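Q: how would this look folded up:
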Amino acid sequence: MPGLNLPETPWDLLSTDKLGHAGVYAVLSFLLLRGARLSGYGTAKVVFGVILGCGLYGILMELAQFYFFPGRHFEYLDMLANIIGAFLGWIIFRIFTF
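A: Predicted coordinates:
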């Protein structure tokens, strides 16, 4: 849903919208890392590629929604939340898998 284009403040990173972004990207990176490990591709390069890929995907989705969907807004904090979520998925993966 299109939202209001309100000024962003640093504490907006803890809003439910940003936590939702981070949560979804954490799940995305966790599942990609899990799939890579189960397929035998759990190297450091793959981990880096998954995190980088998830972060770039989050940035591209923000740009796509700005340029191709009228009424949608571009938010830097959404991109930051997506990147943080990708790292969070990696941290959760490291904690809960052997």
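Q: Output the contacting helices and strands for the helix or strand containing Gly20.
A: In this assignment (DSSP states H and E), Gly20 forms part of helix 16-38. On a contact count with 3 or more CB pairs under 8 Å, 6 or more residues apart in numbering; DSSP states H and E, helix 16-38 meets helix 44-68, helix 76-96. (Glycine included, C-beta is placed from N, CA and C.)
Q: Go ahead and name everything in contact with the first one.
A: I take that to be helix 44-68. With contacts defined as CB atoms under 8 Å, 6 or more residues apart in numbering, helix 44-68 is touched by 21, 25, 28-29, 32-33, 36, 72-75, 78-79, 82-83, 85-87, 89-90.
Q: Can you list the buried residues in that helix?
A: Val46, Val47, Val50, Ile51, Cys54, Gly55, Gly58, Ile59, Glu62, Gln65 (16 or more other CB atoms under 10 Å).
Q: which residue packs closest to the fifth one, ignoring adjacent ones?
A: Spatial nearest neighbour of Cys54, excluding adjacent residues (CB to CB, 6 or more residues apart in numbering): Ala86 at 3.7 Å.
Q: if we can go back for a sec, ok, the buried residues of helix 44-68 vs Ile95, which is closest?
A: Nearest to Ile95, judged by CB to CB, of the buried residues of helix 44-68 is Val47 at 14.1 Å.
Q: Quick check: the closest residue to Gly89 other than its chain neighbours vs Asp12, distance?
A: Excluding its sequence neighbours, the residue lying closest to Gly89 (CB to CB, 6+ apart) is Ser29, at 3.2 Å. Using CB to CB, to the nearest Å, Ser29 is found at 22 Å from Asp12.
Q: Who has more neighbours out of the two?
A: Ser29 (27 against 15; other CB atoms under 10 Å).
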